[in-house]
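Peer 1: My questions are about this predicted structure, shown below with the sequence.
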Amino acid sequence: MRTLHVGLRVSDLDRSLAFYTAVGYTVAGTVEDTAFGSLTMLQLPGDHFVTIELVHDPAKGKAGPGSGINHLVIQVESLAATLTDLAAQGIAAEPPARPGAGGPQTSWITDPDGYRIELVQWPAGHPDGITTADFT
């Protein structure tokens with residue numbers, strides 16, 4: 001088993017698409033008129049799978065944190081280069097940090113609806129994700 005994607009309810013689809021495409025996501029496809037609203041499927045370059053589904057239904061009002069999602073995590077090759085690219089797009093990020101000795105370098109951005117996104121650059125030689133070895 002594996003997690004396929006996260007569905008985020010968004011208040012303004014155009015504003016959210018502008019943000020997520022500036023971060024680097026591309027639209028893989030859309031599904032209109034579902035029971036949840038319109039669905040826009042996003043994926044990152046080099047990823048074969050959709051990882052975010054933007055759920056938009058204007059009738060449901062304002063969207064944002066507090067409805068079960070805490071944050072998303074995106075792996076980046078170079079945190080410094082990513083932060084430079086985001087700044088050029090007008091997206092502010094928190095200063096980079098390295099939680100724990102030998103851990104990843106991280107920074108945080110916030111989308112237009114207030115969802116927090118953690119950007120992670122793993123140390124050289126670390127697997128692409130958290131493993132049980134990170135807790136020993």
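Peer 2: Cool, got the structure.
Peer 1: tell me which residues of the helix-or-strand element of the chain with minimal mean pLDDT are tucked away?
Peer 2: Sorted by mean pLDDT, DSSP states H and E, the helices and strands of the chain end with strand 71-75, the least confident at a mean of 86. Within strand 71-75, the residues that count as buried by 16 or more other Cβ atoms under 10 Å are Leu72, Ile74. In short, each C-beta sits where N, CA and C put it, glycine included.
Peer 1: Mind listing the strands that strand pairs with, and their directions?
Peer 2: Strand 71-75 pairs in its sheet with strand 116-121 (parallel), by DSSP bridges.
Peer 1: ok, back up a step: show me the contact partners of the least confident helix or strand of the chain.
Peer 2: When contacts are defined by Cβ atoms under 8 Å, 6 or more residues apart in numbering, strand 71-75 is touched by residues 6, 8, 23, 44, 52, 108, 115-122, 128-129.
Peer 1: Of those residues, grab the buried ones for ChimeraX.
Peer 2: In ChimeraX syntax, the buried subset of the contacts of strand 71-75 is picked out as below (16+ other Cβ under 10 Å):
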select :8,23,44,52,115,117,118,119,120,121,122
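Peer 1: closest to Pro65 among the contacts of strand 71-75?
Peer 2: Tyr115 (6.0 Å; Cβ to Cβ).
Peer 1: Distance check, the closest one against Val73.
Peer 2: 12 Å (Cβ to Cβ, to the nearest Å).
Peer 1: Please apply the same query to Thr21.
Peer 2: From Thr21 across to Val73, the span is 19 Å (Cβ to Cβ).
Peer 1: do the same with Glu94
Peer 2: In terms of Cβ to Cβ, Glu94 sits 14 Å off from Val73.
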